[in-house]
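> Have a look; sequence and predicted model below, questions after that.
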Amino acid sequence: MGNVISNPENEEESIKEYLKTAKEEFEKKWEIENKSEELVPFFRKDDFQFIKTVGTGSFGRVMVTHNDKDDSFCAVKCLSKDCIIEKEQLEHTYSEYKIMATIPPIDFLVNLMQFGQDTGYLYMVFEFVPGGELFSLLRSVGRIPEITATFYGAQVLSALHYLHNLDIIYRDLKPENILFSDKGYLKLTDFGFAKRCQSRTYTLCGTPEYLAPEIILCQGYHKAVDWWAFGILLFEMVCGHPPFYSENPMEIYKQALEARVRFSCKLTKDCKEIIRLLLVTDPTKRLGNLRKGVRDIRDHNFFRRLSLPEIFKQSIRAPFIPELEGPGDTANFDDYDEAPLLNRDVDPYEAEFENFPRDY
Ligand SMILES: Nc1ncnc2c1ncn2[C@@H]1O[C@H](COP(=O)(O)OP(=O)(O)O)[C@@H](O)[C@H]1O
Ligand SMILES: [Mg+2]
């Protein structure tokens with residue numbers, strides 16, 4: 001792994017320039033007509049062979065597909081229209097689509113390649129990220145060394161910084177939503193709760209273990225909720241379990257509101273300190289949300305152990321490189337039951353989904 005950065009001022013300038021360009025591009029694209037193929041190309045189901053399910057969620061499944069035309073593999077997230085309507089998630093799903101379709105691609109986020117719908121589903125076509133979930137790695141090794149957590153943490157930090165710069169709150173940080181590329185670098189997936197917003201927002205959403213106190217208290221919240229979740233993630237990586245844990249969500253919330261962080265294993269002072277500074281209940285006092293913003297996190301000793309620009313360029317060899325037999329290898333994902341996708345003649349929700357692109 002690489003050495004510590006030598007010229008922080010130049011580095012700061014180039015990050016600023018990069019973020020500024022991304023923001024201009026994003027804002028211009030945000031104005032494009034929602035249903036236009038200019039925003040994202042249409043998905044034509046017949047071009048793809050659906051091979052295997054690699055993930056299931058509350059709204060459907062993610063399947064690896066093969067495109068015979070160019071011999072490539074993709075991950076298609078199939079979101080059931082019935083589930084979206086039943087769970088009243090139309091607005092969140094629309095936001096997921098719009099953000100994914102608009103965001104200028106970077107390495108640390110999965111890239112939306114096509115979008116489509118039929119009578120039963122919305123289809124979001126992503127690059128297939130073959131290395132499996134950070135969740136599976138943690139499940140198999142328990143906890144990971146601090147330096148590995150620095151390596152992964154730096155990438156998540158970059159991804160969140162990138163999103164926040166575009167006024168997007170992510171709201172669903174957890175190891176299940178973090179995938180390994182073939183090189184062992186991370187990609188954040190699942191923008192199901194991501195929201196573009198410049199002011200405060202109130203919706204209760206996310207995963208109990210990762211919810212910031214201000215969400216639990218229904219106080220109105222903003223980007224700082226992602227820095228709380230980032231603190232939970234760092235803790236979970238180095239300890240092998242989240243800091244606030246119970247079978248009962250109410251008990252988790254109670255522990256989070258007290259924010260008494262107890263470390264179950266031996267860690268360095270820097271590691272404990274950064275986690276404590278992130279897991280501060282008052283968002284105005286939380287690291288990442290102070291005057292210097294994300295720079296306070298990047299400049300913390302915990303992240304000075306590795307060169308962040310080298311991580312950004314992906315020039316450091318990753319600590320764990322997935323074993324893969326080919327580009328469509330799904331061995332790093334769990335097996336799921338392969339129920340066939342619903343096939344019906346009539347779309348009962350044509351009106352509800354009329355703001356999403358369609359080509360039928
Ligand atoms: N682009 C992708 N490549 C590989 N696997 C993916 C991809 N996107 C999602 N998955 C897998 O599918 C799971 C569910 O996808 P996700 O977008 O998180 O849906 P949900 O909103 O239902 O949680 C993920 O946790 C991951 O294991
Ligand atoms: Mg998910």
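Sure, I can see it. Residues are numbered from 1 along each chain as shown. Ligands and ions are numbered 1, 2, ... in the order given.

> give me the element the residue of the chain found nearest ligand 2 is part of.
With C-beta to the ion, the shortest gap between the chain and ligand 2 falls at residue 190, namely 3.6 Å. In short, each C-beta sits where N, CA and C put it, glycine included. Under DSSP states H and E, no helix or strand contains residue 190.

> what's the domain layout of this structure?
As given by automatic domain parsing, the domain ranges for the chain are 33-127, 134-312.

> And the strands in the chain?
Here the chain has its strands, by DSSP state E, at 48-57, 60-67, 72-80, 112-117, 121-127, 168-169, 178-180, 186-188, 195-196.

> For the closest residue to the residue of the chain closest to ligand 2 other than its chain neighbours, give its distance to residue 135.
Closest residue in space to residue 190, ignoring its immediate chain neighbours: residue 177 at 4.2 Å, by C-beta to C-beta, 6 or more residues apart in numbering. Residue 177 sits at a distance of 8 Å from residue 135 (criterion: C-beta to C-beta, to the nearest Å).

> Stretch 299-314: how far from the chain's middle?
Relative to its chain's centre, stretch 299-314 lies at 20 Å (C-alpha atoms, centre = their mean, to the nearest Å).

> Stretch 270-277 now?
Distance of stretch 270-277 from the chain centroid (C-alpha atoms, centre = their mean) equals 22 Å.

> who's in contact with the spatially most central residue of the chain?
The centre of the chain sits closest to residue 188, judged by C-alpha atoms, centre = their mean, with a distance of 3.4 Å. Counting by C-beta atoms under 8 Å, 6 or more residues apart in numbering, residue 188 touches 108-110, 156, 159, 170, 173, 177-179.

> Among these, which one sits closest to residue 268?
Nearest to residue 268 among the contacts of residue 188: residue 156, at 19.4 Å, using C-beta to C-beta.

> Can you give me the neighbour number for the closest one?
Neighbour count for residue 156, taken as other C-beta atoms under 10 Å: 22.

> Then residue 262?
Residue 262 sits with 7 neighbouring residues when counted by other C-beta under 10 Å.

> Just give the nearest non-adjacent residue to it, would you?
residue 243 (7.5 Å).

> can you pull the contacts of that neighbour?
232, 235-236, 255, 261-262, 275, 279.

> can you rerun that using 10 Å?
Applying C-beta atoms under 10 Å, 6 or more residues apart in numbering, one finds that residue 243 lies in contact with 209, 231-232, 234-236, 252, 255-256, 259-264, 275, 279.

> these two touch, right, residue 348 and residue 80?
No. If you go by C-beta atoms under 10 Å, residue 348 and residue 80 don't touch, sitting 12.0 Å apart.

> what residues are shared contacts of the two?
What both residue 348 and residue 80 touch, as defined by C-beta under 10 Å, 6+ apart, is the set residue 120.

> So what's the residue count around the residue in the stretch 151-300 of the chain positioned nearest to ligand 1?
Taking C-beta to the nearest ligand atom, ligand 1 has its nearest neighbour within the stretch 151-300 of the chain at residue 190, 3.2 Å off. Residue 190 has 20 neighbours, counted by other C-beta under 10 Å.

> Ok, residue 165 next?
Neighbour tally, residue 165, other C-beta under 10 Å: 19.

> residues from the stretch 51-200 of the chain in reach of ligand 1?
Proximity of the stretch 51-200 of the chain to ligand 1, by C-beta under 6 Å from any ligand atom, involves residues 54-55, 57-59, 62, 75, 77, 110, 126-129, 133, 176-177, 179, 189-190, 192.

> Any chance of a PyMOL selection covering the buried ones in those?
Buried residues within these, by 16 or more other C-beta atoms under 10 Å, are selected in PyMOL with:
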select buried, resi 54+55+59+62+75+77+110+126+127+128+129+133+176+177+179+189+190+192
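
> if you look at the contacts of residue 243, which of them are in helices?
Counted as lying in helices by DSSP state H, out of the contacts of residue 243, are 231-232, 234-236, 252, 255-256, 275.

> quick check: mean pLDDT across stretch 85-102?
In this model, stretch 85-102 carries a mean pLDDT of 95.

> what does stretch 224-233 give?
Stretch 224-233 comes out with an average pLDDT of 98.

> now stretch 292-304
In this model, stretch 292-304 has a mean pLDDT of 97.

> Need the residues that contact the longest helix along the chain.
For the chain, the longest helix by residue count, based on DSSP H, is helix 8-30. Helix 8-30 has contacts (C-beta under 10 Å, 6+ apart) with 5, 7, 38-39, 98-99, 101-106, 158, 161-162, 164-168, 196, 294-295, 298-299, 304, 307-309, 312.

> now stretch 342-350, how far from the centre of its chain.
The answer for stretch 342-350 is 30 Å, by C-alpha atoms, centre = their mean.

> Check which residues of that stretch are buried.
Neighbour counts using 16+ other C-beta under 10 Å place residue 347 of stretch 342-350 among the buried residues.

> now do the same end-to-end measure for it.
16 Å (C-alpha to C-alpha, to the nearest Å).
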